[in-house]
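1. fold the following and give me the result.
(4 chains)
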2 protein chains.
Amino acid sequence: MTVHDRRERERAERHQLIIRTARDLAEDEGWEAVTVRRLAEMIEYSQPVLYSHFASKDAIVAAVALEGFEELAGELREAPRDAEGPVEAFTAVVGAYAAFAAARPTLYDAMFTLATGLPFGRSEAPDELKEAFAALAAPVVEVSGPHDPDTFIEVVWTALHGLVTLTRSGRLRADLAEDRLDLLITLMLAGERV
Amino acid sequence: MTVHDRRERERAERHQLIIRTARDLAEDEGWEAVTVRRLAEMIEYSQPVLYSHFASKDAIVAAVALEGFEELAGELREAPRDAEGPVEAFTAVVGAYAAFAAARPTLYDAMFTLATGLPFGRSEAPDELKEAFAALAAPVVEVSGPHDPDTFIEVVWTALHGLVTLTRSGRLRADLAEDRLDLLITLMLAGERV
DNA sequence: CTCGAACATCTAGCACCGCTAGGATCTCGG
DNA sequence: CCGAGATCCTAGCGGTGCTAGATGTTCGAG
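-> Model prediction:
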């Protein structure tokens, strides 16, 4: 029994090692450097053992993406903690989202550009995803004003996503990211007073 | 002289044929089906001739993307033509942008997700790009209200981009795309009255 | 009119990719 | 002690983007 347990524990550790290695490598050299061969070499196992843990390479980046959603959820929950009033809470959570994307661009790519296989819509989505969305939604609906709350949160989220995505693409004036975020917040909050 | 001219003309035609074939194939079967081998087979030439026209496969999708920016610019210029007043012009151009992305998702991907090599920022950007941006910017700055016009147009564009991107990712309630667009327009216009 | 340079094109192949079949090795219960 | 099952690796398949070198074709100078 104990031997079997140790095996399972070691297997779980190796599972995590794969995810961490993939993430580290992606952050160091970009996702295009993350290949199954390279990963296998780094964890000092042959390629087939990777496939005993994950069905495909995409499943590995999906696992990294899931870690990302978990971390994002944590930071979004933390952000509005000390806020005084709904407007400040909204500003805090939106700022935290933008900060997350700016600080972990590679992870953000995995979550939104690479891991297309992850289900999102409604019920079949993983918990990590729903929790991240909920953590963003909570302070946002508080300032939805006269608008439909579900639509409002979706619009805020998509706008935020577009902002952080294009900011990093080099297609905007690079040094003015903060100004854009401030204006976006202003515009979203202006709706409250309509 | 005339022979040489004919050669050049045929070469230019083949250049266009490559771009059109890549675009058609991508629209039919997705960008992952667009390989150099497949392209070569379809235009009935060997692979190296593709490389006599384009430096890399990425350069081919960049050429498709450039076509996309040209078309987008055209539609954005056309949209506000019959508008009465700046608000209607703004609504029209924003709607045209969303309609373009919804109608040509494959092309939109080439423009914003795949063709990362295309320079955008400021001066070194291709004309097609600057014109598309300008066509969007013209009606948008008219409703920028008290905000900095340059920042306002960037925010509108990024928000719009995020909206159309995530709408197609299946991570939003699929049937409510119009509601989201309407709300986004409302929020952006609310700034005018601040 | 001829012949060598320049051009156009193709065949074949390199190094890599994701992924997997099949065999070797090790572990462990009976 | 032995056979079954788990574990892991070697080797390879069919694909990718890209290119070196050979082959044919065209054209202008002598």
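
2. so what's A:Ala59 up against?
-> A:Gly117 (Cβ atoms under 8 Å, 6 or more residues apart in numbering or on different chains). Every residue, glycine included, has its C-beta placed from N, CA and C.

3. how far off centre is the strand or helix carrying it?
-> Assigned by DSSP states H and E, A:Ala59 belongs to helix A:57-78. Distance of helix A:57-78 from the chain centroid (Cα atoms, centre = their mean, to the nearest Å) equals 5 Å.

4. in the helix or strand following that helix, what's buried?
-> Reading on from helix A:57-78 to the C-terminus, the next helix or strand found by DSSP H and E is helix A:86-103. Using 16 or more other Cβ atoms under 10 Å in any protein chain shown as the test for burial, helix A:86-103 gives A:86, A:89-98, A:100-101.

5. can you convert those residues into CSV and add a column each for pLDDT and distance to B:Arg14?
-> Below are these laid out as CSV (pLDDT from 0 to 100; distance: Cβ to Cβ, whole Å):
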residue, pLDDT, distance to B:Arg14
A:Pro86, 95, 61
A:Ala89, 97, 59
A:Phe90, 98, 55
A:Thr91, 97, 55
A:Ala92, 98, 56
A:Val93, 98, 53
A:Val94, 98, 50
A:Gly95, 98, 52
A:Ala96, 98, 52
A:Tyr97, 98, 47
A:Ala98, 98, 46
A:Phe100, 98, 47
A:Ala101, 98, 42
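
6. okay if I get these as TSV plus distance to B:Ala115?
-> Formatted as TSV, the buried residues of helix A:86-103 follow (distance: Cβ to Cβ, whole Å):
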residue	distance to B:Ala115
A:Pro86	41
A:Ala89	38
A:Phe90	35
A:Thr91	34
A:Ala92	35
A:Val93	33
A:Val94	29
A:Gly95	30
A:Ala96	31
A:Tyr97	26
A:Ala98	25
A:Phe100	26
A:Ala101	21
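
7. nearest to A:Ser52, out of those residues: which one, please.
-> Lowest distance from A:Ser52 to those (Cβ to Cβ) belongs to A:Phe100, with 32.4 Å.

8. and the closest one, what is it in contact with?
-> Neighbours of A:Phe100 in contact, by Cβ under 8 Å, 6+ apart: A:71-72, A:75-76, A:108.

9. try it again with 7 Å
-> Residues counted as contacts of A:Phe100 (Cβ atoms under 7 Å, 6 or more residues apart in numbering or on different chains) are A:72, A:75.

10. neighbours around the residue of chain A at minimum distance from DNA strand D, how many?
-> Nearest residue of chain A to DNA strand D: A:Ser46, at 3.4 Å (Cβ to the nearest atom of the strand). Per other Cβ atoms under 10 Å in any protein chain shown, the neighbour tally for A:Ser46 reads 11.

11. do I have it right that it meets A:Val36?
-> No. The pair formed by A:Ser46 and A:Val36 falls short of the contact definition of Cβ atoms under 7 Å, at 10.3 Å.

12. which stretches of chain A have low pLDDT?
-> Low-confidence segments of chain A, defined by pLDDT under 70: A:1-6, A:120-123, A:191-194.

13. how about the residues of chain A near chain B?
-> Proximity of chain A to chain B, by Cβ under 7 Å from any Cβ of the partner chain, involves residues A:113, A:120-121, A:147, A:151-152, A:154-155, A:158-163, A:165-166, A:170-172, A:176, A:179-180, A:183-184, A:186-188, A:190-191, A:194.

14. of these, keep whichever come out buried.
-> For those, a burial check counting by 16+ other Cβ under 10 Å picks out A:120, A:147, A:151-152, A:154-155, A:158-163, A:165-166, A:171-172, A:176, A:179-180, A:183-184, A:186-188, A:190-191.

15. and A:Tyr108, how many neighbours?
-> Neighbours of A:Tyr108 using other Cβ under 10 Å come to 22.

16. phi, psi of the closest residue in space to A:Gln47 that isn't next to it in sequence?
-> Residue nearest to A:Gln47 in three dimensions, not counting chain neighbours: A:Ala40, with 4.5 Å by Cβ to Cβ, 6 or more residues apart in numbering or on different chains. The phi and psi values for A:Ala40, taken as degrees, to the nearest 10, are phi -60, psi -40.

17. from A:Ser52, how far off is A:Ala40?
-> Look at A:Ala40 and A:Ser52: by Cβ to Cβ, to the nearest Å, they are 12 Å apart.
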